[in-house]
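Asker: Structure here, sequence nowhere to be found:
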């Protein structure tokens, strides 16, 4: 169950990272409140997952899910580069996430 919670925490990290773009420097109320809420949920869920998962593994996966999700949504929502080299680097992060999951005993 800790792994599911960790992935959900990572998805909320994506939410707040993307939300930052919409806050326009925290000058827009509703996007700012949504972003702050996503930050809190993400950190709380990470803390719950850390009750049973190793810190280094959990943190790396949390940030990896956030990085991959944010990069993909940046391509989709904001027209950022989706060139093959960038996608390959995103794939390497995914491989690292999967690798950490496979070698972690919990």
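Answerer: Right, received. Where do you want to start? Just so we're clear, the structure is a prediction, and the values are computed from it rather than from any experiment.
Asker: Go through the stretch of helix or strand residue 60 belongs to and flag the buried ones.
Answerer: Following DSSP states H and E, one finds residue 60 within helix 55-78. Going by neighbour count (16 or more other CB atoms under 10 Å), the buried part of helix 55-78 is 57-58, 60-62, 64-71, 73-75. In short, each C-beta sits where N, CA and C put it, glycine included.
Asker: where do the strands sit along this structure?
Answerer: With DSSP state E, there are no strands along the chain.
Asker: spatially speaking, which residue is in the middle of it?
Answerer: Geometric centre of the chain, nearest residue: residue 66, 1.7 Å, by CA atoms, centre = their mean.
Asker: Touching, that residue and residue 14? I think so.
Answerer: Yes: look at residue 66 against residue 14 with CB atoms under 8 Å: they come within range, at 5.5 Å.
Asker: what sits against the closest residue to residue 19 other than its chain neighbours?
Answerer: Once flanking residues are discounted, residue 19 sits nearest to residue 35: 3.3 Å by CB to CB, 6 or more residues apart in numbering. Residue 35 sits next to 15, 16, 19, 20, 22, 23, 26 when contact means CB atoms under 8 Å, 6 or more residues apart in numbering.
Asker: got a list of what the residue nearest to the fifth one when sequence neighbours are not counted touches?
Answerer: When the adjacent residues along the chain are set aside, residue 22 lies closest to residue 31, with 4.0 Å between them (CB to CB, 6+ apart). If a contact means CB under 8 Å, 6+ apart, then residue 31 has 19, 22, 23, 24 as its contacts.
Asker: Check the gap between residue 31 and residue 18 for me.
Answerer: Residue 31 is 10 Å from residue 18, where distance means CB to CB, to the nearest Å.
Asker: what does the model give the residue of the chain positioned farthest from its centre for pLDDT?
Answerer: Largest separation from the mean C-alpha position in the chain: residue 27, at 23.4 Å (CA atoms, centre = their mean). Residue 27 is assigned a pLDDT of 97 by the prediction.
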